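Q: Output the structure for:
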Amino acid sequence: MLKKDIWTLCLLHMLTKQDCYGYDLLKQLHHVFADTKESVLYALLRELCKAGFATTYLQESPHGPARKYYQITKTGILHLTQLKAQWSALKTAIAEIGIDD
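A: Next up, the predicted model:
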């Protein structure tokens with residue numbers, strides 16, 4: 001899996017927990033991946049929506065303009081399942097050659 005796939009896995013997983021707006025997703029990812037770039041995150045979110053893995057809606061905010069929230073779709077849940085299987089296979093392969101020691 002490449003970094004983009006790992007970010008996709010993380011984003012889709014986070015969206016199974018709750019709908020989120022972009023900046024909130026950015027803050028969560030930044031705790032794990034310090035090099036998370038805002039432009040890369042939003043490009044990836046656009047790709048997820050274009051692929052049908054996520055959808056968006058606007059919600060009013062008490063702190064300014066309405067926020068665009070991202071929500072996982074049924075297709076996104078299926079894709080997440082595939083990514084989790086790939087992740088599991090990658091972890092097993094790495095463990096077999098002893099990289100995780």
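Q: Count the neighbours of Gly76 for me.
A: Burial of Gly76 is recorded as 23 neighbouring residues (other CB atoms under 10 Å). C-beta coordinates here come from the backbone N, C-alpha and C atoms, glycine included.
Q: tell me what the helix or strand bottoming out on mean pLDDT in the chain is packed against?
A: Lowest mean confidence among the helices and strands of the chain (mean pLDDT, DSSP states H and E): helix 22-32, at a mean of 90. Identification of packing neighbours for helix 22-32 by 3 or more CB pairs under 8 Å, 6 or more residues apart in numbering; DSSP states H and E yields helix 3-17, helix 38-50, strand 64-72.
Q: Export those to TSV and append columns for distance to Glu96, mean pLDDT and mean neighbour count.
A: Shown next, in TSV, are the helices and strands packed on helix 22-32 (distance: least, CB to CB, whole Å; pLDDT from 0 to 100; neighbours: other CB atoms under 10 Å):
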stretch	distance to Glu96	mean pLDDT	mean neighbour count
helix 3-17	20	92	16
helix 38-50	30	94	15
strand 64-72	32	94	15
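Q: between these, which gets nearest to Val32?
A: With CB to CB, the closest approach to Val32 among the helices and strands packed on helix 22-32 belongs to helix 3-17: 7.3 Å.
Q: Just the angle for the closest one relative to strand 64-72, thanks.
A: Relative orientation of helix 3-17 versus strand 64-72 (axes from the mean of the first three to the mean of the last three CA atoms, to 10 degrees): 100 degrees.
Q: Which residue lies nearest to Thr16 in three dimensions, sequence-adjacent residues excluded?
A: Counting by CB to CB, 6 or more residues apart in numbering, the nearest residue to Thr16 once its immediate chain neighbours are dropped is Ile72, at 5.7 Å.
Q: from what I can see that neighbour touches Gln18, true?
A: No: proximity of Ile72 to Gln18 does not meet the contact threshold set by CB atoms under 8 Å, at 9.9 Å.
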